[in-house]
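*Asks:* What would the 3D arrangement of this be:
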Amino acid sequence: MIPGDPCPAMSAVLPDSPDSANRLRRLVALRWFAMVAELGLVLLTAQWLGAGVQIAPVLAVCTAQLGLNLASLAYGGRGSAATDPQLFAQLLFDVAALTAIAYFAGGSTNPLISLYLLWIAAGAAMLDARLASALAALCIGAYSLVNFVHTEVHIHDHEKALQIHLIGMWVVFVFSAITICWSVLRLTTAVRRRDAELAAAREAALRGERVVALGNLAAGAAHELGTPLATLAVLAGELLRDPQLAAPLRPELELMQGQIQECKRIITQLAAQAGTSRAEALVVAPLDEWLAQLVARWRRQRPLVTAPLRMEGSTPGPSAAMDATLGQALLNLFNNAADASPEQVEIAARWDAAEFELQVQDRGSGIASAVQMRLGRELVTTREDGLGMGLVLAYAAVERSGGTLGFTARAGGGTVATVRIPLSALRPAENSVAD
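*Replies:* Numbering: from 1, shown residues only. Take a look at the predicted model:
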């Protein structure tokens, strides 16, 4: 339950909830059924029993309800959501209409009197506690009033009148049971949907807090790594300048020096991005060009890994505003695949007018189902020297970009990591930074 929210059941029908636009539509549907029941029972009573029911006032009341329903349909057709006071006023009109019909049709002896329960249930489902309680009190008062004050209906065949009364009670009961069950089921569905949304929001908040914490740790680690990396760079340079260096060691030292420079570049980039807004960190470029540069950058970090890149889509690719964290997320997926099967990594990308999809395939041992359910939510790793932070950050970055990240088993063994992002979420804004 969120702070300030009285209860999920009430929140599911408040005007600011997604279900609020449907409340007026439900009330209109209930009123149609009530009008049919009211008019039908009154007409049948007058026809079968020859009772002196005043038909004209009943028709006038039903006509007024018809006019209210048509006006409500026109109001709701414009996409307007009814507020609690508006719904309360309409329910008061329905209670007054039922009271008027009961007055002209025999008062509490008419089976229609049970329809008060319908409006009480509708008020409890659609209104806040204060207005729903007021409506229930008014229904009790109206029922008590017509129990003592009503027109006398003269019935000649009392045995037949009893049969009709019992049939009417059964009809009203069936009608009330169906409508109340329908209303409660709709309310329960709204409550469950709201609970699911709240649970997803809580999970997203917790995941966001974890990502922020990891970001702070990464920033601190980057700051601390600057000094040892500078020392390693100096030592590597000194060794390469040593004329007595064995020839077989030179390529390995050059590779080490290149990796040190790459680490220093990454740390410098992290420091430059620290404190910038997401809009300031966006890079606008054609999708295929950005992806090719990202894979080339990764290959420099993992020179011993061979990973072909396949791209399908229009050339040049659509212009996209790519967040630096999204690029880092894809690098994490590349590295995970390379760790699982260094010699059998494949990267496949495709795009169309609506979506960008990237698949990273490996031939590793796969991901157990129990572990897969925890990916992105917890720090999970299958490597002895792994920390599990990469996938948490990858999930957060992809979701932040408006996409989804999923893992499936690859035919023949291995894992396929699939990233899907709508191109509408990558559409560059006017203030994005050009590449």
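
*Asks:* any idea how far the most centrally placed residue in the chain lies from Ala204?
*Replies:* A centroid search over the chain (Cα atoms, centre = their mean) returns Glu197, at 5.8 Å, as the residue closest to the centre. For Glu197, the distance to Ala204 (Cβ to Cβ, to the nearest Å) stands at 10 Å. Yep, even glycine has a C-beta here, placed from its N, CA and C like the rest.

*Asks:* ditto for Gln301
*Replies:* Here Gln301 is placed at a distance of 30 Å from Ala204 (Cβ to Cβ).

*Asks:* Checking Val305 next. Helix, strand or coil?
*Replies:* The three-state assignment at Val305 reads coil, by DSSP: H, G, I helix; E, B strand; the rest coil.

*Asks:* of Gln301 and Ala204, who's got more company?
*Replies:* Neighbours were tallied for Gln301 and for Ala204 using other Cβ atoms under 10 Å; the higher tally belongs to Gln301 (17 against 12).

*Asks:* Please name the nearest non-neighbouring residue to the more buried one.
*Replies:* Glu262 (5.6 Å; Cβ to Cβ, 6 or more residues apart in numbering).

*Asks:* same question, Trp32
*Replies:* Asn69 (6.6 Å).

*Asks:* next one: Gly123
*Replies:* The spatial neighbour of Gly123 that comes closest, neighbours along the chain excluded (Cβ to Cβ, 6+ apart), is Leu135 at 3.9 Å.

*Asks:* Measure how buried that neighbour is and give me the count.
*Replies:* A total of 23 residues lie near Leu135 under the criterion other Cβ under 10 Å.

*Asks:* Look up which helix or strand it falls in, please.
*Replies:* Using DSSP states H and E, the element containing Leu135 is helix 129-148.

*Asks:* Repeat that for Gly76.
*Replies:* Taking DSSP H and E as the definition, one finds Gly76 inside helix 55-77.

*Asks:* Now the first helix or strand past that helix going along the chain: buried residues?
*Replies:* From helix 55-77 onward toward the C-terminus, using DSSP H and E, the following helix or strand is helix 84-104. If you call a residue buried by 16 or more other Cβ atoms under 10 Å, then helix 84-104 has these buried ones: 84, 86-88, 90-92, 94-95, 97-104.

*Asks:* Which pLDDT value goes with the residue lying closest to Phe88 once chain neighbours are set aside?
*Replies:* Using Cβ to Cβ, 6+ apart and skipping the chain neighbours, the partner closest in space to Phe88 is Leu131 (4.7 Å). Here, the pLDDT recorded for Leu131 equals 92.

*Asks:* In contact with Leu131, which residues?
*Replies:* Residues in contact with Leu131, defined by Cβ atoms under 8 Å, 6 or more residues apart in numbering, are 84-85, 88, 123.

*Asks:* what's next to stretch 307-315, contact-wise?
*Replies:* For stretch 307-315, the surrounding residues in contact (Cβ under 8 Å, 6+ apart) are 287-288, 291-292, 295, 298-299, 317, 334, 337-338, 345-352.

*Asks:* Strands - which of the residues you listed land there?
*Replies:* Among the contacts of stretch 307-315, DSSP state E puts 346-351 in strands.
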